[in-house]
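>>> What follows is a predicted protein model with its sequence.
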Amino acid sequence: MKWSLILLFLMGQSCFIDCQLYEYLYINEAKTWTEAQQYCRENHTDLATVYNMTDMKRLLSTRAGYNRDAWIGLYDQRDGIRTWYWSLPEVEFNESETNWDQGEPNDHEGVTENCGILMSNLEWQNIPCELERPFLCYDETNRTQKYHLIREGKTWQEAQSYCREKHTDLISGMKQLQDGELEKVMSSTQIKTYFGLFRDTWRWSDGSSFSLRHWNDQLNNQQYNTGRCAVAGTDDEGRWKTESCDQRKPFICYDDKVILVKENKTWEDALNYCRCHYHDLVTLTSLDEQRWIQEKAKNASTDYVWIGLRYNCFKNMWFWVCKEIRFNRESQVSEEQMRNCDMSGAIDARGKHRWIQGNDTEELNFICSKV
């Protein structure tokens, strides 16, 4: 079957629905972390998984009127494999796209080295996160100056907090690291600087690979050497702390409003299945929803996964099947698309998780919305 990339990015446009693909629920019962996990899995989906700071605001809104630390779904596989992440949640770390200096990464002389530094030639090394170094921030809202070299020495975690408060985040991902503007910034200095690369053994209860870490940086990196379960703290930003997992605390669950169906069906059969058993094929209306859905798609048994996106060449438009949300792009319809009538949209379950258009008679896994 021939697949082609859907170049029309439909997110961020006006739409006529207001629904969340997942929601948080504060449970005011004192349980150990394991008991809380079991409760969430039996009554909801799992302990809370947090993707980005927008999620954190949603999560904090559920605890209105309560002023106690609450378990979330992050726990430490202390004997597990340390996994590399980018600080910016939207960017996934790819083992095949790296620029390590010779002999890196390592734990030099047995010292734990979990944070990345960038040399002036843009090669990477790793060092202990508690060392104070200059660092590089990324600013997605400042078009004239995207990259900021902060010469003040901070620990990696303090640097991350600074960048998130003053800019967007520590610079993250190969797209930023290969930007000529960054090369100009680095050519002006010979110092080694922190950037958004880190690794740890912390994992989410539901198996998600989200990279967000929102530790309280006033606690001297306690997440690396004390409790093995995480709580959202009581400060205004809900910064995370570690606690012994056998302590009894309230907790926050989440309900997932979408489901990956690991059955191979044509697009139309998938649509009928979703409408019969759940609600509809999933609709995506934001980048946050895209990230949530691509995490689900990673578990598919097919390389592509149907979503509720449909193309009708006679009307010259792509549209979402859910409640007939339409996006008219008549001026952007190519001749090739005109020849490919009644194509449907899928998400790439591997790689960069882009949207793909293909023949809707192909049988694939699919994602349904529950509401």
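Sure thing, it's come through. Residues are numbered from 1 along each chain as shown.
>>> Who is the closest residue to Asn299 other than its chain neighbours paired with across the strands?
Excluding the flanking residues, the one nearest Asn299 by CB to CB, 6 or more residues apart in numbering is Leu260, at 5.9 Å. Any C-beta I mention is one placed from the backbone N, CA and C, and that applies to glycine too. Beta bridges link Leu260 to Ile367 when assigned by DSSP bridges.
>>> Next one: Leu260 from Trp240, what distance?
Using CB to CB, to the nearest Å, one gets 28 Å for the distance from Leu260 to Trp240.
>>> shaky segments in the stretch 101-250 of the chain?
218-226 (pLDDT under 70).
>>> what about the strands in it?
115-118, 124-127, 133-138, 147-154, 169-170, 193-200, 202-204, 229-232, 240-243, 249-256 (DSSP state E, counting those that start in this stretch).
>>> Turn those strands into a markdown table, including distance to Glu95 and mean neighbour count.
Output for the strands of the stretch 101-250 of the chain, formatted as a markdown table (distance: least, CB to CB, whole Å; neighbours: other CB atoms under 10 Å):
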| stretch | distance to Glu95 | mean neighbour count |
| --- | --- | --- |
| strand 115-118 | 14 | 26 |
| strand 124-127 | 13 | 20 |
| strand 133-138 | 22 | 23 |
| strand 147-154 | 25 | 16 |
| strand 169-170 | 20 | 25 |
| strand 193-200 | 12 | 25 |
| strand 202-204 | 17 | 21 |
| strand 229-232 | 26 | 26 |
| strand 240-243 | 26 | 20 |
| strand 249-256 | 28 | 22 |
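>>> do you know which of those lies nearest Asn52?
Nearest to Asn52 among the strands of the stretch 101-250 of the chain is strand 169-170 (9.9 Å), distances taken as CB to CB.
>>> Can you get me the centre-to-centre distance for the closest one and its chain?
The chain centre lies 15 Å from the centre of strand 169-170; the measure is CA atoms, centre = their mean, to the nearest Å.
>>> Show the model's pLDDT score for Asn340.
pLDDT for Asn340: 55.
>>> Also Val333?
For Val333, the model assigns a pLDDT of 39.
>>> Any idea how many residues pack against the residue nearest to Asn299?
By the criterion of other CB atoms under 10 Å, Leu260 has 20 neighbours.
>>> Run through the residues that contact it.
Leu260 is in contact with Lys296, Ala297, Asn299, Ala300, Val305, Asn365, Phe366, Ile367, counting by CB atoms under 8 Å, 6 or more residues apart in numbering.
>>> Among the residues you listed, which are located in strands?
Taking DSSP state E as the definition of strands, the contacts of Leu260 contribute Val305, Asn365, Phe366, Ile367.
>>> need those in a markdown table with pLDDT, neighbour count and distance to Arg68, can you?
Converted to a markdown table, those look like this (pLDDT from 0 to 100; neighbours: other CB atoms under 10 Å; distance: CB to CB, whole Å):
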| residue | pLDDT | neighbour count | distance to Arg68 |
| --- | --- | --- | --- |
| Val305 | 95 | 28 | 39 |
| Asn365 | 96 | 23 | 41 |
| Phe366 | 96 | 31 | 41 |
| Ile367 | 96 | 25 | 35 |
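>>> Which one of those residues is nearest to Trp320?
Among the ones in strands among the contacts of Leu260, and counting by CB to CB, the member closest to Trp320 is Ile367, at 13.0 Å.
>>> if I look at that closest one, how far off is Ser208?
Distance, Ile367 to Ser208, using CB to CB: 15 Å.
>>> now do Gly80
For Gly80, the distance to Ser208 - CB to CB - is 15 Å.
>>> With neighbour numbers in mind, choose between the two.
Counted by other CB under 10 Å, Gly80 and Ser208 do not tie: Ser208 has more neighbours, with 18 against 11.
>>> Report the contact partners of the more buried one.
Neighbouring residues of Ser208 by CB under 8 Å, 6+ apart: Thr49, Tyr51, Glu295.
>>> most neighbours, which of the residues you listed?
Busiest of those [other CB under 10 Å] is Thr49, holding 25 neighbours.
>>> and that one, how far is that from Phe195?
When Thr49 is compared with Phe195 (using CB to CB), they lie 25 Å apart.
>>> on that earlier part again, turn the strands of the stretch 101-250 of the chain into a markdown table, including distance to Asn264.
Formatted as a markdown table, those follow (distance: least, CB to CB, whole Å):
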| stretch | distance to Asn264 |
| --- | --- |
| strand 115-118 | 40 |
| strand 124-127 | 41 |
| strand 133-138 | 41 |
| strand 147-154 | 45 |
| strand 169-170 | 39 |
| strand 193-200 | 36 |
| strand 202-204 | 28 |
| strand 229-232 | 38 |
| strand 240-243 | 40 |
| strand 249-256 | 22 |
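>>> Okay then, goodbye and thanks.
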